[in-house]
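Peer 1: no letters, just coordinates:
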């Protein structure tokens, strides 16, 4: 049996194989963030045949101020649950497991999108959104965001998903707290790595209390900014150990402020130096994504011990039969 076809467990989540469809924004939601017929049909098409072990739904905003873009999926209030149930049902019917990714954009948005002033860990402009200088969050605001993550996770469970993924990558709010580029705080949320992940640990704790210990919680980590003064793999190893300690079932590794692309990357699975280093330090599964287009490359990355699960995004986006062919290699 090929490694890609082997089953794997992440916490209580039993996956039929090692292939993951990572979260990719479709901008197919209704204007109010509800799951549209288009979005349900899209995930139905991608998950047909159950060849993808795990489908992670695109990032969904936990509150109005955390919305990143137009027609982004919402998990911000109870009115979205009914349509999301239809979405989880269709993926399950096709034979795949389904997880929702929940997110707060922080300063990676604008008042044009949210109608509100963007917030962040510090009043520092976003490297990829330099025209926006966010309002620095007070402790009260941080507590409100932690509560919003917990409420969002509870809705994910009510909508019938198998788990939830907390988003701390690609320069969004939790990633902004993690990165020294955007986190200049002098209180308990700033400074060393443990302080910069304090909000993450509080979010994980609040989420687990909201959904119960049996519900699977993943975290997507922007493990390096690949920018001067940004987060490094050394920071991420410390963070990964802490996330494992508090019950995160798997780590989904990607870039920080560099987004989902590594500068000067020219190989499939270009984030593998990050996943390999983290995998050597934790016992929970590690997901690798980044430019993987060939099933043989996915197989080799697993065989070389660079990750436990392989995320294939753009290739599946452009070819709905990719997974079926990959499982036939």
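Peer 2: Ah, there it is. Note that the structure is predicted; figures quoted are calculated from it, not measured. Numbering: from 1, shown residues only.

Peer 1: C-alpha only now, for contacts and for neighbours.
Peer 2: Fine.

Peer 1: from the chain's centre, how far out does stretch 180-194 sit?
Peer 2: Using C-alpha atoms, centre = their mean, to the nearest Å, the mean C-alpha position of stretch 180-194 is found 22 Å from that of the whole chain.

Peer 1: likewise for stretch 268-275?
Peer 2: Using C-alpha atoms, centre = their mean, we find the averaged C-alpha position of stretch 268-275 to lie 16 Å away from the chain's own average C-alpha position.

Peer 1: any low-confidence regions in the stretch 1-150 of the chain?
Peer 2: Scanning the stretch 1-150 of the chain for pLDDT under 70 picks out 1.

Peer 1: try it again at 90.
Peer 2: For the stretch 1-150 of the chain, the stretches with pLDDT under 90 are 1, 128-129, 131-132.

Peer 1: so where do the helices sit in it?
Peer 2: Taking DSSP state H, counting those that start in this stretch to define them, one finds helices in the stretch 1-150 of the chain at 37-47, 81-94, 111-114, 139-158.

Peer 1: quick one: which of these is nearest residue 248?
Peer 2: Among the helices of the stretch 1-150 of the chain, helix 139-158 comes nearest to residue 248, with 13.7 Å by C-alpha to C-alpha.

Peer 1: turn the helices of the stretch 1-150 of the chain into JSON lines, including distance to residue 60 and mean neighbour count.
Peer 2: JSON lines is the format used below for the helices of the stretch 1-150 of the chain (distance: least, C-alpha to C-alpha, whole Å; neighbours: other C-alpha atoms under 10 Å):
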{"stretch": "helix 37-47", "distance to residue 60": "13", "mean neighbour count": "18"}
{"stretch": "helix 81-94", "distance to residue 60": "11", "mean neighbour count": "20"}
{"stretch": "helix 111-114", "distance to residue 60": "14", "mean neighbour count": "14"}
{"stretch": "helix 139-158", "distance to residue 60": "9", "mean neighbour count": "20"}
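
Peer 1: can you list the ones you listed in a markdown table and add distance to residue 308?
Peer 2: A markdown table is the format used below for these (distance: least, C-alpha to C-alpha, whole Å):
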| stretch | distance to residue 308 |
| --- | --- |
| helix 37-47 | 20 |
| helix 81-94 | 22 |
| helix 111-114 | 37 |
| helix 139-158 | 25 |
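
Peer 1: select, out of the ones you listed, the one closest to residue 301.
Peer 2: Taking C-alpha to C-alpha as the criterion, residue 301 comes closest to helix 37-47 out of the helices of the stretch 1-150 of the chain, the separation being 22.9 Å.

Peer 1: for the closest one, packing partners?
Peer 2: Judged by 3 or more C-alpha pairs under 8 Å, 6 or more residues apart in numbering; DSSP states H and E, the packing partners of helix 37-47 are helix 81-94.

Peer 1: and the helix it packs on, what other elements does it pack with?
Peer 2: With contacts defined as 3+ C-alpha pairs under 8 Å, 6+ apart, the packing partners of helix 81-94 are helix 37-47, strand 97-103, helix 139-158.

Peer 1: figure out how far the second one is from the centre of its chain.
Peer 2: It refers to strand 97-103. With C-alpha atoms, centre = their mean as the basis, the distance from the averaged C-alpha position of strand 97-103 to the chain average is 8 Å.

Peer 1: out of the helices and strands packed on helix 81-94, which is closest to residue 231?
Peer 2: Distances from residue 231 to each of the helices and strands packed on helix 81-94 were compared using C-alpha to C-alpha; the minimum, 19.5 Å, belongs to strand 97-103.

Peer 1: what angle do the closest one and helix 81-94 make?
Peer 2: 140 degrees (axes from the mean of the first three to the mean of the last three C-alpha atoms, to 10 degrees).

Peer 1: residue 235: which of the helices of the stretch 1-150 of the chain is closest?
Peer 2: Taking C-alpha to C-alpha as the measure, the helices of the stretch 1-150 of the chain were each checked against residue 235, and helix 139-158 came out nearest at 21.9 Å.
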